[in-house]
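In: Sharing a model that was predicted from the sequence below.
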Amino acid sequence: MQLFSTSIGRKILMAITGQCIVLFAVIHLLGNSSIFGWLPGGINAYAHHLHSLPSPIIWGFRLGLLAFVCIHIWFGIQLTMENRGGRPRQYAVKYTQKASFASENMIWTGSLLLLFIVYHLLHFTIQVISPETAALTHPDVLGNPNVLGMVVAAFQNVGVTLIYAGAMVVLFLHLSHGIQSFFQTMGWSNDRIQPFITKAGTLVALVMFLGYAAVPLTILVRILK
Amino acid sequence: MILDGKCPTGPIQETWDKHRFDLKLVNPANKRKYNVIVVGTGLAGGAAAASLGELGYNVQAFCYQDSPRRAHSIAAQGGINAAKNYPNDGDSIYRLFYDTIKGGDFRAREADVWRLAQVSNNIIDQCVAQGVPFARDYAGYLDNRSFGGAQVSRTFFARGQTGQQLLLGAYSALSRQIKAGTVKMYDRREMLDLVVVDGVARGITVRNLVNGQLESYAADAVCLCTGGYVNVFYLSTNAMGCSVTANWKAHKKGAYFANPCYTQIHPTCIPQAGDYQSKLTLMSESLRNDGRVWVPKKKEDCGKHPNEIAEDDRDYYLERKYPSYGNLAPRDIASRAAKEQCDDGRGVGPGGRGVYLDFADSIKRLGEDTIRERYGNLFEMYEKITDENGYKRPMRMYPAPHYAMGGLWVDYNLMSNIPGLFVLGEANFSVHGANRLGASALMQGLADGYFVIPYTIGGYLATVKPGQVKADHAEFKKSVEDVTAEQNKYLSINGKKTVFEFMRELGGLMWENCGMARTKESLETNLKKIPALREEFWKNVKVTGSGAELNQQLENAGRTADFLEFSELLCRDALHRNESCGGHFRVEYQDAGEAQRDDVNYCYVGAWEYKGDNKEPELHKEPLKFDNVHLAVRSYK
Amino acid sequence: MSDHKTMTLTLIVWRQKNANDPGKFETYTAKNITEHHSFLEMLDCVNEDLIHSGKDPIVFDHDCREGICGMCSQVINGAPHGGQDRTTVCQLHMRKFKDGDTIYIEPWRARAFPIIRDLIVDRSALDKIIQAGGYTSCHTGGVADGNAILIPKPVADEAMDAAECVGCGACVAGCPNGAAMLFTGAKVSQLALLPQGKAEAAERVMNMSNAMTECGFGNCTNHYECQAACPKGINVKFIARMNREFLKAQFA
């Protein structure tokens, strides 16, 4: 399959996997927002619903996501290494007209996000970083995992909140270039709609940033307890 | 000697068809045994190499640029003529034929021009098939515009970049053959000699411009598609690398040079701004469709802002002098008229060398958007160079050397007097006579390359045995030695003046004394001054570096040395032709300001034979017969 | 026009003897330059001075000097062709600079464009991409009448937008990855838009994109620096169209 070997093919794989991860992040954000109480029982009930799904679905989803992440990382690194050699020597004067900080640093924002995801999984999924407040081992009164307690305990710590909020800034940067890039790479763009796609992509990235950062920040300032 | 163009006889309408049938054919299986060299990859060379490669010949193509796509055909802006008669305005092959003969001031061969008009329609079809994005109307049909010297709308165009698009079409066809292996492309190579063995063209010597090495290539036929020589004026609309070198070297090896004095001065170019200037930029003739040319009636108005000069104080001199063609008068006439106004002290801009080309009326009539749609890129280009906005104030224009109607003499088969040497496109002399009409150069280049040479070269090759001479033949070695000696000489002089300084000086002499208006005295002046300049060149030129590396000075030194020789021939030809016709205007021969032809004494092609260094060349004549278009005073009034 | 005002400029120019020489910057002074000089005419003046003093002039590619042949290729202060909108370096004029300016002049820098000497690079990789499929396989002669297939004006116009490419390689020079996507995208799009090119569209996009990789060009990361650098203003929508053609070819 030439998708895996050619320049454009690999870019398309990057675009599709990236966009699937974005879709996951959107669902994740919707789930997170249950912490603000729109779901009866809040985020703990949401966690319970998730955990009660049949395990083939859960694991299928997890492995699928993992595969996407791996493909995205693998080709991301491969393409970046190839591109690094594309210009053997930099110009004496750096002059850019259209490239942005975000577009030039996808590999670094991506790497930071990877580190963050590992930390985040250890923290809130596998729950080994702060076992004393782990949701799975400390159910709430209804017997649901006490995610709220775990999250509130974590984000009352300024350092943890800063890590999460900082990661969300990185996420914003990554997505502000990544989302519009997806449409360009898939060929679903032209000169008329491209400015709109770019703006819309940045807006989605901004909403994701605000949505994700809202949880730790509102907890830190004790709005959410 | 009386030359024979070997034109077919009989009714003109049947000449090409009959001739094609009469030409011998090369057996398809034998074609790959024949090597053909094509020098130059513009419209003529690119089209020829692609077509010959496709037929099965073994083609080696050469260009001095880094890619065949860059030949100067690319700079043609306005369009390409064809007798399609799509607009239903009275065009026909016969009318295109007639207009071209008349436009050339009755100094071209009828049969060649007929063939050109006949194949013009095939060219459009060919280019469309290649994916050339010609302008179309909303219904999807090909669009046409009018052009100078014609009263019908027969010019096809691709915005203001027709030459570019046609060349890229030929380049794509050539690329396809390179991929298929039928054409081997050699870029960054400059032809520095023609190798003739026993009177037959057998190959070329080229310099690899990257490493300086001289290389020999042998073939069964050599096609020169090397363009024109108007860089002899130094400032021209040609590209910097355009030269007479390939043609001149062939001339020195025996090929006759025909009508070198027929040079076209294009009426609409951006005027020169300073001495440092390296070239002049042409603005497409198509601008004259919607622009009106004028100068102030009163000398004292020349310094004023053009928009402050009242309508009554403007002299729309082309409309005044040539009411039926008006601003669309042919190039030679429009150029000369501009010069007259400026000589009369009514020119505008720096040095008073300029006339206005005014779009105010068209903008009022059609709106700025329509004008932008038609000529946007030209207005942009004008603003980049002059810092003036052509939509808001009239553009300034002045004539500039643009095209060479003269070139190596060829017969009807495009073969020169040296067997095996073919000459195509601007490099030959054949169809434009003494003046070329707008949008005809592209037509000729592609006609020669796509639809003439594939037939006529077969007629020649069918008569010769393939591969008779190889590149290790003594003549090739001698040629390399000669070129090496010449280059070593440039490098060893170590004088005080740069190559550019010599070229600028030569250009000045040519423009001053052999430009738009020539006299016996001015030409005789040049015939004294040019040899002196040449002598100085060989004593005082400074070329740094070595021959074994990329050395642009060395390249230019060679081109300049050839121009220094060729310019003398050009002046000599102009001096011998005691008449005015087309682009050749002798002040002594005019009738109420219009060119005065002398059909009794000069209705011939003047082809010069090289007789050796510093020896007078010998003139051979090919009489011109006009059986279909009757010799008449050319009037555009 | 004020020809009396002249400028003096400091040029820091990349000099490299040949492909194997490591190369270095050298400093020159350009004197008596007017605002009407084109950039290349300014360099001509510097070269004349160099030759007079017995030094090797700066070599650079140039030919038509009217912005259409695509031969000229210099990066000026980090910008291919000098950064003026839709302008090749031969059409760049010195009125864009000020007296006393320091100007860095470098060759195109890309893996696929090895330097030949000074400011001249080898761009034959672009020819190889075209040879891989940038054509319609029509024969000379024996084609249909030009009006046999109608092409609506908007389609012809868009094809022309793509076809304006002069093949200078500024898109590659401007791309931080040294990618040739805009160049290739423009040709793929021109021929995919026109009915005459549609028959071979799938094969063409595959062959041309493979040629890009084989020639050592980088990959597209959608910076759009190529569009900014392009002297003909070719739009990145043609890259999107090539991507679309590529996907179509995969599943066709």
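Out: Nice, thanks for sending it over.

In: going forward, measure contacts between C-alpha atoms and count neighbours the same way
Out: Fine.

In: Look up how far residue B:27 lies from whichever residue of the stretch 1-150 of chain C sits closest to chain A.
Out: Of all residues in the stretch 1-150 of chain C, residue C:110 sits closest to chain A, at 4.3 Å by CA to the nearest CA. Using CA to CA, to the nearest Å, residue C:110 is found at 47 Å from residue B:27.

In: so what's residue 161 scoring on pLDDT?
Out: Chain wasn't specified; assuming chain A. You'll see residue A:161 listed with a pLDDT of 96.

In: My question was about chain B, not that one.
Out: The per-residue pLDDT of residue B:161 was computed as 92.

In: The spatially most central residue of chain A in helix, strand or coil?
Out: Nearest residue to the geometric centre of chain A (CA atoms, centre = their mean): residue A:25, 5.3 Å. For residue A:25, the assignment made with DSSP: H, G, I helix; E, B strand; the rest coil gives helix.

In: roughly how far apart are it and chain B?
Out: 46 Å (CA to the nearest CA, to the nearest Å).

In: coming back round to it: and the closest residue to the residue of the stretch 1-150 of chain C closest to chain A other than its chain neighbours, how many neighbours?
Out: In space, and not counting its chain neighbours, residue C:110 is closest to residue A:87: 4.3 Å by CA to CA, 6 or more residues apart in numbering or on different chains. Look at residue A:87: counted by other CA atoms under 10 Å in any protein chain shown, it has 25 neighbours.

In: List the contacts of residue 10.
Out: All of this refers to chain A. Residue A:10 is in contact with A:3, A:4, A:75, counting by CA atoms under 8 Å, 6 or more residues apart in numbering or on different chains.

In: that's the wrong chain, I meant chain C
Out: Counted by CA under 8 Å, 6+ apart, residue C:10 has contacts C:27, C:28, C:29, C:30, C:100, C:101, C:102, C:103.

In: any idea which helix or strand comes after the helix or strand containing it?
Out: Residue C:10 belongs to strand C:7-15 when assigned by DSSP states H and E. Next along the chain after strand C:7-15, taking DSSP H and E as the criterion, comes strand C:24-33.

In: Run the angle between the helix or strand following that following strand and strand C:24-33 for me.
Out: Downstream of strand C:24-33, the first helix or strand assigned by DSSP H and E is helix C:39-52. Angle, helix C:39-52 to strand C:24-33, by axes from the mean of the first three to the mean of the last three CA atoms, to 10 degrees: 100 degrees.

In: what's in contact with helix C:39-52?
Out: The set of residues external to helix C:39-52 that reach it, using CA under 8 Å, 6+ apart, is B:276-278, B:496-498, B:542-544, C:28-31, C:33, C:56-58, C:89-94.

In: Please pick the buried ones from those residues.
Out: B:276-278, B:496-498, B:542-544, C:28, C:30-31, C:33, C:56-58, C:89-94 (16 or more other CA atoms under 10 Å in any protein chain shown).

In: mind listing what's buried in stretch A:2-22?
Out: A:6-19, A:21-22.

In: before we move on, what about stretch B:90-105?
Out: Using 16+ other CA under 10 Å as the test for burial, stretch B:90-105 gives B:91-105.

In: same deal with stretch B:521-538?
Out: Within stretch B:521-538, the residues scored as buried using 16+ other CA under 10 Å are B:522, B:523, B:526, B:527, B:530, B:531, B:533, B:534, B:537.

In: wait, what's in contact with the first one?
Out: With contacts taken as CA under 8 Å, 6+ apart, residue B:522 has the following neighbours: B:513, B:514.

In: now the helix ranked longest in chain A: how far from the chain's centre is it?
Out: Ranked by residue count and defined by DSSP state H, the top helix of chain A is helix A:55-84. Here helix A:55-84 is found 13 Å from its chain centre; the criterion is CA atoms, centre = their mean, to the nearest Å.

In: Over to stretch B:406-422?
Out: Mean-position distance between stretch B:406-422 and its chain equals 16 Å (CA atoms, centre = their mean).

In: Rounded mean pLDDT for that stretch, please.
Out: The model assigns stretch B:406-422 a mean pLDDT of 98.

In: Alpha carbons of it, as CSV, please.
Out: Written as CSV, here are the backbone C-alpha positions of stretch B:406-422 (Å, rounded to 0.1, in the frame of the first residue of the first chain):
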residue,chain,number,x,y,z
GLY,B,406,16.9,37.3,-40.8
GLY,B,407,18.8,34.1,-40.1
LEU,B,408,20.6,31.2,-41.7
TRP,B,409,19.4,30.5,-45.2
VAL,B,410,17.3,27.4,-45.6
ASP,B,411,15.4,25.8,-48.5
TYR,B,412,11.8,24.7,-48.4
ASN,B,413,12.9,21.6,-46.3
LEU,B,414,14.5,23.9,-43.7
MET,B,415,17.8,22.6,-44.7
SER,B,416,20.7,25.1,-45.1
ASN,B,417,23.1,25.0,-48.0
ILE,B,418,25.2,22.6,-45.9
PRO,B,419,23.6,19.1,-46.3
GLY,B,420,22.5,17.7,-43.0
LEU,B,421,22.2,21.1,-41.3
PHE,B,422,18.6,22.2,-40.6
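
In: right, and residue C:155 touches residue C:193 too?
Out: Yes - the pair residue C:155 / residue C:193 is scored as a contact, 6.7 Å apart, by CA atoms under 8 Å.

In: Neighbour count: the two, which is higher?
Out: Taking neighbours as other CA under 10 Å, residue C:155 and residue C:193 compare with residue C:193 leading, 23 against 18.

In: Just give the nearest non-adjacent residue to the more buried one, would you?
Out: Nearest to residue C:193 is residue C:159, by CA to CA, 6+ apart, at 6.1 Å.

In: Only the buried residues of the strand or helix carrying the one you found, if you could.
Out: Here residue C:159 sits within helix C:153-163, counting by DSSP H and E. Within helix C:153-163, the residues that qualify as buried are C:153, C:155, C:156, C:157, C:158, C:159, C:160, C:161, C:162, C:163, counting by 16+ other CA under 10 Å.

In: So what touches the helix or strand hosting residue C:171?
Out: Using DSSP H and E, residue C:171 sits in helix C:170-174. For helix C:170-174, the surrounding residues in contact (CA under 8 Å, 6+ apart) are C:73, C:75, C:79-81, C:108-110, C:178-180, C:182-183, C:225-227, C:229-231.

In: With stretch C:82-93 instead?
Out: Stretch C:82-93 is contacted by residues B:381, B:384-385, C:35-40, C:62, C:65-67, C:70, C:72-76, C:81, C:228-233 when judged by CA under 8 Å, 6+ apart.

In: Sort out which of those are in helices and list them.
Out: Among the contacts of stretch C:82-93, DSSP H puts B:381, B:384, B:385, C:39, C:40, C:228, C:229 in helices.

In: Let me see the ranges of the strands in the stretch 251-400 of chain B.
Out: Secondary structure of the stretch 251-400 of chain B by DSSP state E, counting those that start in this stretch: the strands cover B:257-258, B:263-269, B:292-296, B:314-315, B:355-358, B:395-404.

In: Distance of the single nearest residue of chain A relative to chain B relative to residue B:174?
Out: Residue of chain A nearest chain B, by CA to the nearest CA: residue A:191 (18.9 Å). According to CA to CA, residue A:191 and residue B:174 sit 32 Å apart.

In: Tell me which of these two has more neighbours.
Out: Just comparing residue A:191 and residue B:174: by other CA under 10 Å the higher neighbour count belongs to residue B:174, 32 against 12.

In: any idea whether that one is helix, strand or coil?
Out: Assignment for residue B:174 (three-state DSSP): helix.

In: Please apply the same query to residue B:178.
Out: Per three-state DSSP, the local secondary structure of residue B:178 is helix.

In: And for the residue nearest to it when sequence neighbours are not counted, the neighbour number?
Out: Of all residues not flanking residue B:178 in the chain, residue B:184 sits nearest, at 5.9 Å (CA to CA, 6+ apart). By the measure other CA under 10 Å, the count of residues near residue B:184 is 20.

In: I am assuming residue B:184 contacts residue B:61, so please confirm or correct that.
Out: Yes - applying CA under 8 Å, one finds residue B:184 in contact with residue B:61, separated by 6.2 Å.

In: Mutual contacts of those two, please.
Out: Between them, residue B:184 and residue B:61 share no contacting residue, judged by CA under 8 Å, 6+ apart.
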